[in-house]
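1. I would like to see how this sequence folds:
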Amino acid sequence: PVQGWYDIIGEKTIADAILDRLIHNSHRIELSGESMRKKRSKNIG
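-> From the prediction side, this is the model:
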C-alpha cells in the first residue's frame, strides 16, 4: 500500500518526490480479498 512507502523509504521529502513522479499520471487500483494465485494453487494441488 502507498501508505507504507513512507516507512520503507524513510525520508519523507524524498518519499514525496518519488511518489509524486510515480503516481502523477497513474490510476490507482486497490484490491482486496484473497489472491487469485492462492485460489488457483489450491485447485491444482
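
2. Name the helix or strand of the protein that has the lowest mean pLDDT.
-> helix 36-44 (a mean of 71; mean pLDDT, DSSP states H and E).

3. Point to the residue nearest the middle of the protein.
-> For the chain, the residue nearest the mean C-alpha position is Pro1 (4.0 Å; C-alpha atoms, centre = their mean).

4. Point out where this protein drops to low pLDDT.
-> 39-40, 42-45 (pLDDT under 70).

5. For His24, grab the count of nearby residues.
-> Neighbour count of His24, defined by other C-beta atoms under 10 Å: 7. For every residue, glycine as well, the C-beta is placed using N, CA and C.

6. Which secondary structure element is home to Ala17?
-> helix 12-23 (DSSP states H and E).

7. and that helix, what other elements does it pack with?
-> Under the contact criterion of 3 or more C-beta pairs under 8 Å, 6 or more residues apart in numbering; DSSP states H and E, helix 12-23 touches helix 5-9.
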